[in-house]
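Trainee: Quick one: sequence plus predicted model below, questions after.
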Protein chains: 2
Amino acid sequence: MLTDKQTTPGRKPKPQSDDSCCTPAVFTISTARVASQVKLLSALADPTRLQIVEMLSGLDEPLCVCDIQANFVLGQPTISHHLKVLREAGLVHSEKHGLWVYYSLNRGMLEGTSSYLDGVLSKSKATAG
Amino acid sequence: MLTDKQTTPGRKPKPQSDDSCCTPAVFTISTARVASQVKLLSALADPTRLQIVEMLSGLDEPLCVCDIQANFVLGQPTISHHLKVLREAGLVHSEKHGLWVYYSLNRGMLEGTSSYLDGVLSKSKATAG
DNA sequence: CAGATGTATTGACAATTTTCGATATAGTGC
DNA sequence: GCACTATATCGAAAATTGTCAATACATCTG
């Protein structure tokens, strides 16, 4: 794995400058940030969960579990499991009212992942000169 | 029956004798777009692959497999597998030069996922009113 | 209280994913 | 041709994940 802090990034020489292949190109990548983003991306990387996120994003009002389940073929425990994954990733918020549990989107978390990807993209703009 | 069951959190009614819980809140969500984004998100939702993406994004020059592998404890076939996942998701581009295969980031794909998330967020701004 | 209903949890199983060792493929140089 | 190197593929073990049936929990109704 990558260490948390290392020396400056190297650059691989041409394939013939030396006998071996690799210069030790070591990068400084925050494994903590990567791990947190992997958790968010993993929560989103499932068709059922991503559709739930889309459903919640399209409405300003929260939805109860049965309303969500009505849009899938899956059973109620499966939907409950997916909602738990989204909840533990911080992507949704749940609120109990009587018998029902209402789920709403935590937009800040989605914004975080989107801006993380933007940050990765802007690390170097491919403006080689 | 059931008089005051907190009708505030949504247009969802309370349980009635004929209609138990749910109003059929049906959503029109493009399953094709969801599926394609799930593929991209799944490719990113792994610590090794996300770190590879970060490595490639920090450099304008492509990296060969051995340069990438040098930053991980994993074996060469495992790195090759992860690169294949990224390649098949369209997130990286590979180019063979002699013995070496150079990988570079396909920024358009990352931009696509980022703007997809932005699109989900902007579907409804949670502007009460 | 009992009965009904919405949701969460448990336990098990199948499918998928991650990883490694062995091997195959392809290019370089003798 | 042969040896060496970089990368990819194959096959299998281990870990993780998605799903369901059964059940538990919590809340409302009568």
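Mentor: Looks like it came in fine.
Trainee: so where's chain A uncertain?
Mentor: Low-confidence segments of chain A, defined by pLDDT under 70, are located at A:1-26, A:125-129.
Trainee: Closest to the centroid, which residue in it?
Mentor: Residue closest to the average C-alpha location in chain A (C-alpha atoms, centre = their mean): residue A:41, at 2.1 Å.
Trainee: Would you mind pointing out the helix or strand that one falls in?
Mentor: Using DSSP states H and E, residue A:41 maps to helix A:31-44.
Trainee: in the next helix-or-strand element following that helix, what counts as buried?
Mentor: Counting by DSSP H and E, the next helix or strand C-terminal to helix A:31-44 is helix A:47-58. Going by neighbour count (16 or more other C-beta atoms under 10 Å in any protein chain shown), the buried part of helix A:47-58 is A:47, A:48, A:49, A:50, A:51, A:52, A:53, A:54, A:55, A:56, A:57. To be clear about C-beta, it is placed using only N, CA and C from the backbone, and glycine gets the same treatment.
Trainee: is stretch A:34-42 anywhere near DNA strand C?
Mentor: No. Using C-beta under 7 Å from any atom of the strand, stretch A:34-42 never reaches DNA strand C; the gap is at least 8.5 Å.
Trainee: how far out from the middle of the chain is that stretch?
Mentor: On the basis of C-alpha atoms, centre = their mean, to the nearest Å, stretch A:34-42 sits 5 Å off its chain's mean C-alpha point.
Trainee: ok, now stretch A:116-125?
Mentor: The mean C-alpha position of stretch A:116-125 is separated from the chain mean by 15 Å, C-alpha atoms, centre = their mean.
Trainee: I would like the residues contacting that stretch, please.
Mentor: By C-beta atoms under 8 Å, 6 or more residues apart in numbering or on different chains, the residues outside stretch A:116-125 that reach it are A:33, A:37, B:53-54, B:57-60, B:107, B:110-111, B:113-114, B:117.
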